[in-house]
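Asks: What shape does this take:
(3 chains)
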Amino acid sequence: MKADESFFEKVYDMVRKIPYGRVSSYGEIAEAIGMKGSSRMVGWAMNASHSQTIPVPAHRVVNRNGMLTGKHHFASPTLMQELLQSEGIEVNDDKVVNFKELFFSFKAAQ
DNA sequence: GGTGTGACCAGCT
DNA sequence: AAGCTGGCCACAC
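Replies: Numbering: from 1, shown residues only, chains lettered A, B, ... in the order given. Prediction:
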C-alpha cells in the first residue's frame, strides 16, 4: 500500500486484489482504504476506472446486497453479468448468487 | 473556495 | 413493504 497514491489508485489497487471468482462490496473497499462510510466515493471512483491503463475488475464490486447496481455503467448493461458468469459466479435477477460465500473481505485477507 | 454530483448505506416514515 | 432523507467525502467546474 503506497501512501502517495491518490484516492482513485487506492481504490483500483484494492479492487485488483479481489481474487478470481470472488466479489466484494463498495463499503468493504471504502473501509479497506480508510474511508469507512464513504462507500459512494468508491463507486464514483469506479466511474473513472475505464480511463485506467491497467484493467480494473469493477464487475467484481457490487453493493451490500450483492446486487449489480453498477452494471448500467459498463459498455453494455449485460456485460457486468456476463463477466461475472465467465468467472464462475452465478448471477440471477441482477444479484450475485451465493454472494455471502463469494464475498471477499480485505480484513480477513490480511 | 463554494457548489454540485455520485456504481452506497442505514435509518426513518 | 417501499420510498425518502441525510450523511459520508473526493473531485471537476
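Asks: Excluding covalently adjacent residues, which one is nearest to the residue of chain A found nearest DNA strand C?
Replies: At 3.6 Å from DNA strand C, A:F7 is the closest residue in chain A, using Cβ to the nearest atom of the strand. (Each C-beta comes from the backbone N, C-alpha and C, glycine too.) Distances taken as Cβ to Cβ, 6 or more residues apart in numbering put A:A45 closest to A:F7, at 6.6 Å, once the chain neighbours are dropped.
Asks: Tell me the pLDDT of the one you found.
Replies: Per-residue pLDDT puts A:A45 at 92.
Asks: give me the number of residues near A:T53?
Replies: Applying other Cβ atoms under 10 Å, we find 4 residues neighbouring A:T53.
Asks: Show me the strands in chain A, by range?
Replies: Secondary structure of chain A (DSSP state E): strands located at A:24-25, A:61-62, A:91-92, A:95-96.
Asks: Could you spell out the sheet neighbours of the second one, each with its direction?
Replies: The one in question is strand A:61-62. Each strand pairing with strand A:61-62, determined using DSSP bridges, is listed with its direction: strand A:24-25 (parallel).
Asks: ok so, going back, now the strands of chain A as a markdown table including mean pLDDT and distance to DNA strand B?
Replies: Formatted as a markdown table, the strands of chain A follow (pLDDT from 0 to 100; distance: least, Cβ to the nearest atom of the strand, whole Å):
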| stretch | mean pLDDT | distance to DNA strand B |
| --- | --- | --- |
| strand A:24-25 | 95 | 4 |
| strand A:61-62 | 96 | 6 |
| strand A:91-92 | 92 | 14 |
| strand A:95-96 | 94 | 12 |
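Asks: Check those strands for me and report the most buried one.
Replies: strand A:61-62 (a mean of 26; mean count of other Cβ atoms under 10 Å).
Asks: Any residues of chain A in contact with DNA strand C? List them.
Replies: Neighbours of DNA strand C within chain A, by Cβ under 7 Å from any atom of the strand: A:S6, A:F7, A:F8, A:M35, A:G37, A:S38, A:S39, A:R40, A:M41, A:W44.
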